[in-house]
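Asks: Structure of the sequence below:
(one chain, ligands or ions: 1)
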Amino acid sequence: MEKLIIEGRKPLFGNVQISGAKNAALPLIAATLLTGGIHTLTNVPDLRDTRTILRLLESLGITWERQGATLRIDSTNVTYSEASYELVKTMRASVLVLGPLLARLGKAKVSLPGGCAIGARPINFHIKGFEQFGVTCRLEQGYVDAEIDGRMQGCSICFDVPSVTGTENLLMAATLAQGTTIIKNAAREPEIGNLVDMLISMGADIEGRGTDCLMIHGVERLHAAENEIIPDRIETGTYLIAIAATAGAATVTHCNPRHLPSLLDKLRAAGMMVTEMENAITLDATGGGHIKSVDITTMPYPGYPTDLQAQFMALMALSEGVSMVHETIFENRFMHVAELHRMGADITIDGHTSVIKGIGRNGFNGAPVMATDLRASSSLVIAGLAAQGRTEISRIYHLERGYERMVEKLTALGAIVWKEKE
Ligand code: EPU
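Replies: Down below sits the predicted model:
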């Protein structure tokens, strides 16, 4: 295992290029299962999670090759329909193969993901949706064994709360169902728009892109196509918060500022100068002012993203006032708090709310800390970059699930950071 070492208190300056979005790449790669042919995906990040889903596709009979950020996936042969526990337990998004396999083969067996570091994260919405299509789902020995005789039947589905991968799974299945499917209270994350665009390019008939009501008119067949993964809005936000926390001034390029409405407002409210361009954002925190305290409440898109909650909390720990973070999406997403305490943060947790008493811009001191999940890890990186002295973050395999070449990118911005064997 490797750990990350940071010598902190170095303001970040310069440019950083954002990679393709992990949470768009995963469903778009899964969507190639829907039909045979050679699919091309561009701007695909090379991450632990994208490698895991490609391993899963290989285990189903698919071949692929990567040249830089371009993936060519040959989905002509799907010879197997089971996603094993070994793969699903390392990445919950493996459940995204369920919809495409059912649509193409009429059967799929996928391990139940089980709990994870940020909450229980059941997949009951996915299963209920498939049953509405006429699929029989049996839960046996930790697996969902799903089967349908003939085509799925279009239906009307309404989510209790919007689910990102739930919407994606049912949307993919609906493209090849018989008749029309309506998905109400659908998630509206930009990654779903990316998937809708890909499905349309493959011949699907979908109305309502970007809204919470998707209408899918099933078609007889789809075909392979070429598509581009959108920029990673969570990686973008993570670098912006890091620039703010280190009192730096830098430009994040190859991103989409329109995908981060809520974060950009909150950064401005915290006193940062944020300039939006077509495909870039500059953040300037060199004005010398204090970081102002700002409250956030995580919400489905376009609300404040839960995947940027831990990072913003690290910034608020360095503010001059008291702020509150309400986490409404996942029940256990405050694992970073205990680690931030080790660096000097003053945070108390009361159920789904954290109360952060700011310790001022220079309040953090480096310490050995442990990464617990992907986004908690990136909040520790931000804290380490702002801290006086050395921070050692162990278990950084979590970070590698979702941040491409982070050490290289931070080094180019002037950070002193490297990896070592634990
Ligand atoms: N939920 C259910 N039942 C379901 C599905 C969801 O109760 O069948 C609940 C969840 O427990 C949660 C809420 O609904 O309370 C929303 O969860 P959602 O299904 O939207 O989450 P997800 O699809 O499993 C995706 C991202 C997560 C991100 C969440 C929320 C991918 C691959 N993962 O997860 O990303 O936090 O949406 O935006 O898209 C990350 O990248 O670090 C990450 C965890």
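
Asks: Over to residue 315. Which of the three states is it?
Replies: Here residue 315 is recorded as helix under DSSP: H, G, I helix; E, B strand; the rest coil.

Asks: quick one: contacts for it?
Replies: Taking CB atoms under 8 Å, 6 or more residues apart in numbering as the criterion, residue 315 is in contact with 241, 244-245, 270, 291, 382. C-beta here means a position set from N, CA and C on the backbone, and glycine is covered the same way.

Asks: Read off the pLDDT value for it.
Replies: Residue-level confidence at residue 315 comes out at 98, pLDDT.

Asks: Distance of it relative to residue 21?
Replies: With distances taken as CB to CB, to the nearest Å, residue 315 is found 22 Å from residue 21.

Asks: Dump the contacts of residue 315 into JSON lines; add pLDDT and secondary structure as well.
Replies: Listed next are these as JSON lines, based on pLDDT from 0 to 100; DSSP: H, G, I helix; E, B strand; the rest coil:
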{"residue": "241", "pLDDT": "98", "secondary structure": "helix"}
{"residue": "244", "pLDDT": "98", "secondary structure": "helix"}
{"residue": "245", "pLDDT": "98", "secondary structure": "helix"}
{"residue": "270", "pLDDT": "98", "secondary structure": "coil"}
{"residue": "291", "pLDDT": "97", "secondary structure": "coil"}
{"residue": "382", "pLDDT": "98", "secondary structure": "helix"}
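
Asks: Between which two of those is the distance greatest?
Replies: Spatial extent of the contacts of residue 315 (CB to CB) is set by the pair 270 and 382 at 13.3 Å.

Asks: Between the two, point out the one with more neighbours.
Replies: Neighbours per residue, other CB atoms under 10 Å: of residue 270 and residue 382, the larger number sits with residue 382, 29 against 23.

Asks: distance between the ends of stretch 248-265?
Replies: This stretch, stretch 248-265, spans 18 Å end to end (CA to CA, to the nearest Å).

Asks: Any buried residues in it, and which?
Replies: Judged by neighbour count using 16 or more other CB atoms under 10 Å, the buried positions of stretch 248-265 are 248-257, 259-260, 262-264.

Asks: Among those residues, which ones are in strands?
Replies: If you go by DSSP state E, those have 249-253 in strands.

Asks: State the pair within the residues you listed that is farthest apart.
Replies: Largest pairwise distance in those, by CB to CB, is 14.3 Å, between 249 and 253.

Asks: List, one by one, the residues from the stretch 51-200 of the chain near the ligand.
Replies: 92-93, 119, 121-126, 161, 163-166, 187 (CB under 6 Å from any ligand atom).

Asks: Looking at those, which gets the smallest pLDDT?
Replies: Among these, residue 119 has the lowest pLDDT, at 72.

Asks: show me what contacts that one?
Replies: 330-333.

Asks: Does it have any beta-bridge partners, and if so which?
Replies: Applying DSSP bridges to residue 119 yields these beta-bridge partners: residue 116.

Asks: Repeat that for residue 369.
Replies: According to DSSP bridges, the residues that bridge with residue 369 are residue 393.

Asks: just checking, it touches residue 379?
Replies: No: Residue 369 is not in contact with residue 379 according to CB atoms under 8 Å; the separation is 10.0 Å.

Asks: picking that back up, out of the ones in strands among the buried residues of stretch 248-265, the closest to the ligand would be?
Replies: residue 252 (18.0 Å; CB to the nearest ligand atom).

Asks: wouldn't the closest one be in contact with residue 16 here?
Replies: Yes: counting by CB under 8 Å, residue 252 does reach residue 16; the two are 5.5 Å apart.

Asks: Find the residues that touch each one of the two.
Replies: Common neighbours of residue 252 and residue 16, counting by CB under 8 Å, 6+ apart, are residue 239.

Asks: ranges for the strands of the stretch 201-350 of the chain?
Replies: Using DSSP state E, counting those that start in this stretch, the strands found in the stretch 201-350 of the chain span residues 205-207, 213-217, 226-228, 249-253, 273-276, 280-284, 296-297, 322-326, 346-350.

Asks: so what's residue 109 up against?
Replies: 81-83, 143-146.

Asks: Phi and psi next, for it.
Replies: phi -130, psi 120 (degrees, to the nearest 10).

Asks: If we ignore the residues flanking it in sequence, what's nearest it?
Replies: Nearest residue to residue 109 in three dimensions, chain neighbours excluded: residue 82, at 4.3 Å (CB to CB, 6 or more residues apart in numbering).

Asks: surely that neighbour meets residue 107?
Replies: No: applying CB under 8 Å as the test, residue 82 and residue 107 come out as separate, 9.4 Å apart.

Asks: per-residue confidence for residue 114?
Replies: On the pLDDT scale, residue 114 is placed at 66.

Asks: err, residue 289, not the other one
Replies: pLDDT for residue 289: 85.

Asks: Who are the contact partners of it?
Replies: Neighbour list for residue 289: residue 271 [criterion: CB under 8 Å, 6+ apart].

Asks: Could you shift the numbering so residue one becomes 46, and keep it that way?
Replies: Understood, numbering begins at 46; the last thing we discussed is residue 334.

Asks: Please report how far it lies from the ligand.
Replies: If you measure residue 334 against the ligand using CB to the nearest ligand atom, to the nearest Å, the figure is 31 Å.

Asks: And the helices in the chain?
Replies: 67-76, 93-104, 130-133, 143-150, 169-177, 209-220, 235-246, 278-290, 306-314, 354-361, 380-387, 419-431, 442-445, 451-457 (DSSP state H).

Asks: In the fifth one, which residues are buried?
Replies: Applying a neighbour-count criterion of 16+ other CB under 10 Å, the buried positions in helix 169-177 are 170-172, 174-175, 177.

Asks: Equivalent analysis for the last one, please.
Replies: Neighbour-count burial for helix 451-457, counted by 16+ other CB under 10 Å, picks out 451-452, 454-455, 457.

Asks: Those residues of the stretch 346-467 of the chain touching the ligand, which are they?
Replies: Close to the ligand, as judged by CB under 6 Å from any ligand atom, the stretch 346-467 of the chain has residues 351-352, 374-375, 419-420, 447.

Asks: Which two of the residues you listed have the greatest separation?
Replies: Using CB to CB, the pair of these lying farthest apart is 374 and 447, separated by 16.5 Å.

Asks: Could you check which of these two has the larger neighbour count?
Replies: Between residue 374 and residue 447, counted using other CB under 10 Å, the more crowded position is residue 447 (26 against 20).

Asks: could you list every residue that touches that one?
Replies: Per CB under 8 Å, 6+ apart, neighbours of residue 447: 67, 92-94, 279-280, 419-420, 423.
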